[in-house]
Structure formats: C-alpha cells, structure tokens
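> how would this look folded up:
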Amino acid sequence: MSTGPRVVALGGGHGLAATLAAARRYAGEVTAIVSVADDGGSSGRLREAFDILPPGDIRRCIVALADPGSCWTKALEHRFEAGELEGHALGNLLIAGLAAVTGDFLEALDQVGRLVGARGRVLPATVEPVVLKAVTAGGDVRGQLAVAQSSGIARVSLVPADPRAPRAALDAIDRADQVVLGPGSLFTSILAALAVPALAAAVREAKAQVVYVCNLRPQCPETATYDVAEHLAALIAHGVDPDVVLCDTTSLHLGQPLRPFVDLSLARAPGLAHDPAKLAVALADLLGWGSTND
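Modelled structure (predicted):
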C-alpha cells in the first residue's frame with residue numbers, strides 16, 4: 001500500500017463504496033466501517049437463515065477496495081437469476097460460508113479481502129445483529145426497509161441500544177487522519193452506522209478531520225425535502241459534528257449549513273452518483289494531500 005493518510009469511511013451501500021473507491025486513490029491505509037442493519041434482499045434472507053450479519057453492503061465495500069481487473073472481484077458481484085439461489089450475490093454466499101467455516105465473521109471478511117486483493121480492511125459497525133428503529137411523524141418504525149420508506153424521521157437508534165463495535169474499528173478511528181461520513185442514505189446507512197454509541201463517541205473524540213460527504217440529491221421519501229444544511233443538522237442532532245461538509249449543489253439546495261462547506265462538481269454523468277476520481281481529489285485537498293494514485 002502506498003504512503004498517504006490513514007482514512008476511515010463510515011456508512012453503507014453504494015455511497016460508501018464510492019468513497020472507498022476514492023480513498024484507495026490517495027490514502028495509505030483505508031478502513032471501511034459498514035452499517036449492518038440491512039434486512040432486505042439477499043442480505044436479509046441470509047441473515048434470517050443463518051443468523052449472521054447482513055453481508056451485502058460489506059461485499060460492495062470489499063469490491064470497491066479490490067483489484068478491479070480480478071476475476072474474483074467480478075465473481076463476487078455475480079447475482080444468480082434462477083433456482084433456489086435466485087437474487088443472491090455470490091459474494092454474499094461466500095461471506096456466509098466462510099463465516100460458518102471460520103466461526104468468525106471478521107475473519108471471513110479478511111479472507112475475502114485477501115482473495116480479491118483489497119487495498120484496505122472492511123469491518124461491520126457492530127458484531128451483534130441489530131434492528132434499526134426510527135421515530136417518525138407517523139410513529140415509531142422498526143426495520144431498515146420500513147425506515148427507508150418513511151418520511152418525517154426525527155431520530156434513529158438500534159435494538160439493542162448499545163451493540164458492541166469491533167475493537168479494530170475503534171482503533172482505526174483513533175489512528176485516522178481523516179474520517180469520512182457518507183455519501184449514502186442519511187438515516188438508513190450513515191446514521192445507522194453511527195447509531196452504535198461507541199462508534200459515535202469515537203468519531204466525536206477523533207483527532208482526525210471529520211468530513212461529511214452529502215448526497216447529490218434528495219432521497220424519497222427518507223430525505224425528500226432536505227437541503228445540505230438539513231442533512232448536517234440531522235448528523236449534529238445525533239451527536240456527530242463534522243468539521244467540514246463536502247457537497248455538490250447542482251441538484252440539491254445548499255440551505256444555510258452551520259459548518260464550513262466546500263461546494264464542488266462531484267458527480268459523474270448523468271449525475272446520479274459520485275465520481276470516485278473527483279471525490280478523491282476533493283478529499284485529498286481537504287487534507288492538503290496534493291496527489292492521488294490511480
């Protein structure tokens with residue numbers, strides 16, 4: 001791994017994968033800390049069948065850090081289209097199988113990372129199964145899928161309320177030069193990870209620069225009416241106060257954020273997702289790190 005800053009990225013899903021693809025271009029050490037509240041799709045089925053942490057978002061993050069030319073990297077993303085395995089990604093099944101063989105979910109993730117040549121480590125936000133819970137304008141909602149389909153969300157938390165975070169995740173935050181939150185679903189990815197109290201406390205106490213990478217557009221219905229300032233306010237209300245916000249206001253209003261912000265073109269055509277190359281330059285510049293690696 002090249003020399004460079006130690007970067008920790010927290011969140012889940014496709015957004016966190018974009019940050020990891022960016023971070024591997026400029027960081028000397030990369031650690032992903034991934035929400036494990038997912039209860040839908042292949043992840044939800046494997047979680048219910050084998051009582052394991054949901055592997056889907058974790059798989060995406062391992063792939064983002066892997067050698068893109070590797071046959072194994074492509075194989076992890078292969079999704080079966082028929083039979084009893086319909087809907088399952090091979091990588092999800094591989095993680096589930098290795099967890100059963102090793103008896104250690106974290107070891108299973110490390111093994112998959114080594115298999116695909118991942119330039120960094122991927123860790124779950126907690127080593128215990130959790131359920132995401134939200135307080136909304138319409139009442140309390142339980143389960144990530146149900147929360148994602150809700151609006152008027154005031155607060156999210158986990159059941160159990162204080163699940164155990166991996167020691168390696170806390171150590172990585174303590175060592176980090178930069179902690180990146182997002183992009184991704186505000187309540188069901190980013191705050192679902194930060195709802196682990198030990199992780200939120202570690203980010204608050206971190207010596208690192210804490211950056212919030214805001215979404216490119218509103219997410220319906222979860223943050224349908226939110227501007228950048230309202231995204232930031234939700235983070236602060238949950239006890240996490242970034243040093244700087246990185247945003248692209250082409251399709252999302254800025255509002256009046258209460259923290260420093262940098263507004264740049266960060267999207268790739270047609271504007272639906274962050275461009276890892278642009279994001280890498282922006283994140284490296286925030287640290288004063290003047291170059292990135294392909």
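> alpha carbons only for contacts and neighbour counts from here, please
OK.
> any weak-confidence spans in the chain?
1-2, 290-294 (pLDDT under 70).
> what are the ranges of the strands in it?
With strands called from DSSP state E, the chain shows them at 6-11, 29-34, 121-124, 131-136, 139-142, 153-159, 178-181, 209-213, 244-247, 261-263, 267-268, 273-274.
> which outside residues touch the longest one?
Counting contacts by C-alpha atoms under 8 Å, 6 or more residues apart in numbering, the residues outside strand 153-159 that touch it are 130-137, 187, 191-192, 195-196, 222, 238.
> and what of the last one?
When contacts are taken as C-alpha under 8 Å, 6+ apart, the neighbours of strand 273-274 outside the stretch itself are 15, 18, 216, 266-268.
> so can I have a markdown table of those showing distance to residue 157?
Listed next are the contacts of strand 273-274 as a markdown table, based on distance: C-alpha to C-alpha, whole Å:
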| residue | distance to residue 157 |
| --- | --- |
| 15 | 21 |
| 18 | 25 |
| 216 | 25 |
| 266 | 30 |
| 267 | 30 |
| 268 | 33 |
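> any idea which of those residues is the one closest to residue 286?
residue 266 (14.1 Å; C-alpha to C-alpha).
> so that closest one sits right up against residue 275, yeah?
Yes: using C-alpha atoms under 8 Å, residue 266 is in contact with residue 275, at 5.9 Å.
> The two: who's more crowded?
A side-by-side neighbour count of residue 266 and residue 275, using other C-alpha atoms under 10 Å, places residue 266 first with 24 against 18.
> check contacts around that one.
Residues in contact with residue 266 (C-alpha under 8 Å, 6+ apart) are 247-248, 274-275, 278-279.
> Recalculate using a threshold of 6 Å.
Residue 266 is in contact with 248, 274-275, 278, counting by C-alpha atoms under 6 Å, 6 or more residues apart in numbering.
> hmm, which of these are the buried ones?
Neighbour-count burial (16 or more other C-alpha atoms under 10 Å) is assigned, among those, to 248, 274-275.
> Tell me the one of those residues nearest residue 149?
Nearest to residue 149, judged by C-alpha to C-alpha, of these is residue 274 at 23.0 Å.
> separation between the closest one and residue 46?
29 Å (C-alpha to C-alpha, to the nearest Å).
> Can I get the contacts of residue 266 in CSV including distance to residue 32?
As requested, those are exported to CSV (distance: C-alpha to C-alpha, whole Å):
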residue, distance to residue 32
248, 23
274, 17
275, 18
278, 19
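> ok, so of the residues you listed, who is nearest residue 126?
So of the contacts of residue 266, ranked by how close each gets to residue 126 (C-alpha to C-alpha), first place is residue 274, at 26.5 Å.
> how near is the closest one to residue 116?
Distance of residue 274 to residue 116, computed by C-alpha to C-alpha: 23 Å.
> on that earlier part again, kindly give a single ChimeraX line that selects the buried subset of the contacts of strand 273-274.
This is the ChimeraX syntax for the buried subset of the contacts of strand 273-274, where burial follows 16+ other C-alpha under 10 Å:
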select :15,18,216,266,267
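> out of the contacts of strand 273-274, who's nearest residue 257?
Distances from residue 257 to the contacts of strand 273-274, taken as C-alpha to C-alpha, are shortest for residue 216 (15.5 Å).
> Now do the contacts for that closest one.
Going by C-alpha under 6 Å, 6+ apart, the list of residues near residue 216 is empty.
> if we go to 10 Å?
183-184, 227-228, 247-253, 265-267, 271-274 (C-alpha atoms under 10 Å, 6 or more residues apart in numbering).
> From these, keep the buried residues only.
183-184, 227-228, 247-249, 252-253, 265-267, 273-274.
> Which of the residues in stretch 142-155 are classified as buried?
Buried residues in stretch 142-155, counted by 16+ other C-alpha under 10 Å: 142-145, 147-148, 150-153, 155.
> Just put these in JSON lines and tack on distance to residue 39.
Shown next, in JSON lines, are the buried residues of stretch 142-155 (distance: C-alpha to C-alpha, whole Å):
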{"residue": "142", "distance to residue 39": "10"}
{"residue": "143", "distance to residue 39": "7"}
{"residue": "144", "distance to residue 39": "6"}
{"residue": "145", "distance to residue 39": "7"}
{"residue": "147", "distance to residue 39": "11"}
{"residue": "148", "distance to residue 39": "11"}
{"residue": "150", "distance to residue 39": "15"}
{"residue": "151", "distance to residue 39": "19"}
{"residue": "152", "distance to residue 39": "21"}
{"residue": "153", "distance to residue 39": "19"}
{"residue": "155", "distance to residue 39": "19"}
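> Cheers, nothing more for now.
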